[in-house]
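In: Give the three-dimensional model of this entry:
(chains A, B and C)
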Amino acid sequence: MSRTAELRSWLITDTPASRAQARWGRMYLSWLAFRRNPLAFGGLIVALAFAVIAVIAPWLATHDPAAQNLAGRLAAPNAANWLGTDELGRDIYSRLLYGTRITLGMVVMVVVLVAPVGLIVGATAGYLGGWPDRILMRITDIFMAFPRLILALAFVAALKPGLTNAVIAIALTAWPPYARLARAETITIRNTDFVAAARIQGASTPRILVRQIMPLCLSSLIVRVTLDMSSIILTAAGLGFLGLGAQPPSPEWGSMIATGRRFILEQWWVATMPGLAIFIASLGFNLLGDGLRDVLDPKQR
Amino acid sequence: MADAPLLSVRNLRVRFATRVGTVEAVRGIDFDVGRERLGIVGESGSGKSVTGRAILRLVPPPGEVVADRMDFAGIDLRNADDAAMRLIRGRRISMVMQDPKFSLNPVMTVGRQIAEAYRVHHRVGGGEARRRALEMLADVRIRDPERVYDLYPHEVSGGMGQRVMIAMMLIPEPDLLIADEPTSALDVTVQMQVLAILDDLVAKRGMGLIFISHDLNLVASFCDRVLVMYGGRIMETLRAGELQQARHPYTRGLLQALPTIGSAGRDLPVLTRDPAWLTEATPGGLMR
Amino acid sequence: MIKVDNLNVAFGDVRAVKSASFTVKDRETYGLVGESGSGKSTVLRALSGLNRQWTGTIAIDGRPIGPVRDKAFYRQVQMVFQDPFGSLHPRHTVDQILSEPIAIHRMDDAEARIRRALDDVGLGPRFRFRYPHQLSGGQRQRVAIARAIILEPSVLLLDEPTSALDVSIQAEVLNLLARLRAERHLTMILVSHNLAVVAHLCDRLAVMNAGAIVEEMTVDDLRRGEPAQAYSKQLLRASLGYDRKMADSLITFE
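Out: Now for the predicted structure:
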């Protein structure tokens, strides 16, 4: 038997011999299901590609993203500047590559801040019910009542424009849907027999939340997060466009569009190239999210 | 052997193609149904429910149904097109499932659903359909048909929901009713009442009934004949009264595994399955 | 061992259990039989501490217990549920499921305990790292029983433990329960709608209807076929199989 066939049978066995094997086998089956969906697979490739680009941007870039060359400003795409140059003669291709770092960095920061908060608030509210539920959900409602971009605007305006504040602003408005989702999932789980069984074993409430309930909320949360990433990217770009996110000269996609809009008719590439980057990134995450939903969320099947 | 059977099935096979290979849920069974109560008994995975669905061509994809013969009152069910099947389903052959909650439309009153079921197959006005629906509700022994007519499915109890389901399935006056575990979710006393209704309808209308269940004793006490299925095959066909004289080791094993009021204090004999049961020649379901 | 006195449970205006009283002796198996809505499961949930809205007295080993239970209580009393598909966490392996009670009660030697529990319920080590979806209904119920006995309780509460199983699997699980009872000197309360199952496993039983205990009897009484109350008689006759005449004579008891 070849090595791969051996590995495969080790993964799909019905009688795993260790915890690790059981876990890997489970992941392998999810991977098989995921791979059968070509669009989702495409989304994964796009997402991975962006992550790789973000890491190795310095090696892919042909120019220093901040280096100005006023003589060659607003050059159309050519052999030296593959995607043309902007109004200060900076290479758009290199700036887009470095912009990946900013955008993905913001997305990751927002998700790291938002998902755990939403999960904890939602699962706690859903499991306890009664007044803790009412209080937590009303707080959630208050945050949900603010339009995302407006609250982010107000927040950034009140403090000072910048990447960190943009992240905090987006996070503030992004967590309530996760709390809602986690709560809805928890309510369907909390009356199941396996939760009752955990109570009868004497498990404490935090233990039930962490061991029994949260793992089951996680998959729909992951799906939602992935689908949300595109909207985080768009919000980040929107803030950048309005001059409230990353500050010049950092090559943020939204602010690149903002500067390019002055030349949109004559030098279309200045605004279009970052626009395309935003489009491809958000489409990729959306497809990935759809695919993950098919794999992870049994209710959709 | 007096009259020609209502439904005649030969070498019925149902296959499901899955990722790990083809699974045969039903592996070549023969049976006839006349104007009688035929019971199909088996454990989960025996193919009993799939058999019921295959008759109405309601096996979900990727299921594939093949048979040498599947004749219903002169119609070849194997080649009937979708339009012909629609005429047969409901009008000539009806099906009652285990849980009425999933089969009833939650936003329509039960009475209107029964009336609609009647109007699908009969060109009558609303008043006439309502009258027939009320009659039918009374036939399945619902005490206050006028009141129940205007209830929504969530407002009726399990037993009443099952009666409503039966009323709905019987109002087009089918020739054959396939009942798949129609009483398994009900309390024993309610179960008895629902069975009595089915019993009377078979007797009164000369309807054929295929009663699919996991409960060997219940089927034997209710039906005229019993097919015992295992692994997609018929192990044995019995006259209902002769259950205790069952010869096949599977049937005997099932009977012995049943706890009874007299079995306290000793271990129940555990059924050992013989792989040969899946290959050996079986008598089929043709004894009448 | 277990004494229940004047137990009442109400959900809003509905009185689910109406002053139920019964006593279960040490190492006895006691059955609660009834149709849906009879309150039999509600009694069990009050006993197990899953339902805290009850009044009356529940005493175990002579000590009255309140609605909120401590860890020591769960070392003594465990429960097996009806639905083997719903009572195991879908994302946990058998190993994780059995490790959990050991971790909660900080017991030593988890490894040996898990292996022994799996052996005791007739599963053996090759099932240890499977997920519930890789098990049949009967195997799942065995895991649920292993989870209950791993804490070495003296009382086992059984809520319709075999009603979701095929007849042949039911026999295996009933035999398993009888063997564990003998080996571990368990006191058991079995709730079921199936008179035959209760009669098979129990020493004494109570018939419940509409929240109240109609009648208490020994299995010998039941075997002789003559319960005293009309409701129990009807239940017994209906469970013997279909009979057209009997179906007509059925009456609704309130």
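In: Surely residue B:234 is in a helix?
Out: No - applying DSSP: H, G, I helix; E, B strand; the rest coil, one finds residue B:234 to be strand, outside a helix.
In: Against residue B:46, how distant is it?
Out: 10 Å (CB to CB, to the nearest Å). C-beta: built from backbone N, CA, C; applies to glycine.
In: swap in residue A:29?
Out: If you go by CB to CB, the gap between residue A:29 and residue B:46 works out to 28 Å.
In: more neighbours, those two?
Out: residue B:46 (25 against 13; other CB atoms under 10 Å in any protein chain shown).
In: what sits against that one?
Out: B:229-232 (CB atoms under 8 Å, 6 or more residues apart in numbering or on different chains).
In: which secondary structure element contains residue C:237?
Out: Take DSSP states H and E as the rule and residue C:237 turns out to sit in helix C:230-238.
In: which element is the residue nearest to residue B:191 when sequence neighbours are not counted on?
Out: The shortest distance from residue B:191 to any non-neighbouring residue, by CB to CB, 6 or more residues apart in numbering or on different chains, is to residue B:183 (4.1 Å). Secondary structure from DSSP H and E places residue B:183 outside every helix and strand.
In: swap in residue B:14?
Out: Assigned by DSSP H and E, residue B:14 falls in strand B:7-18.
In: now residue C:208
Out: strand C:204-209.
In: Taking helix C:230-238 as reference, get the angle to that strand.
Out: Here strand C:204-209 points in a direction 100 degrees away from that of helix C:230-238 (axes from the mean of the first three to the mean of the last three CA atoms, to 10 degrees).
In: List the contacts of strand C:204-209.
Out: C:20, C:22, C:28, C:30-35, C:38-40, C:43, C:198-199, C:213-219, C:222, C:227, C:229, C:231-232, C:235, C:253.
In: Filter the contacts of residue B:46 down to just the ones in helices.
Out: Of the contacts of residue B:46, none are assigned to helices by DSSP state H.
In: can you count the residues close to residue 80?
Out: Answering for chain A, as no chain was given. 12.
In: that's the wrong chain, I wanted chain C
Out: Other residues near residue C:80 number 27, with proximity taken as other CB under 10 Å.
In: Please report the distance of it from residue A:282.
Out: 50 Å.
In: Could you do residue A:157 as well?
Out: Taken as CB to CB, the span from residue A:157 to residue A:282 is 25 Å.
In: And residue B:197, by the same measure?
Out: With CB to CB as the criterion, residue B:197 and residue A:282 are 60 Å apart.
In: which stretch of helix or strand covers the residue nearest to the spatial centre of chain A?
Out: Geometric centre of chain A, nearest residue: residue A:229, 3.2 Å, by CA atoms, centre = their mean. Element membership of residue A:229 [criterion: DSSP H and E] is helix A:214-241.
In: who does that helix touch, helix- and strand-wise?
Out: Contacts defined by 3 or more CB pairs under 8 Å, 6 or more residues apart in numbering or on different chains; DSSP states H and E place helix A:214-241 against helix A:92-128, helix A:148-158, helix A:163-190, helix A:253-260, helix A:269-296.
In: List just the one of those that sits closest to residue B:262.
Out: helix A:163-190 (42.6 Å; CB to CB).
In: gap between the helix or strand just after the closest one and the chain center?
Out: Sequence-wise, the next helix or strand downstream of helix A:163-190 (DSSP H and E) is helix A:193-200. Here helix A:193-200 shows a centroid-to-chain-centroid distance of 34 Å under the convention CA atoms, centre = their mean, to the nearest Å.
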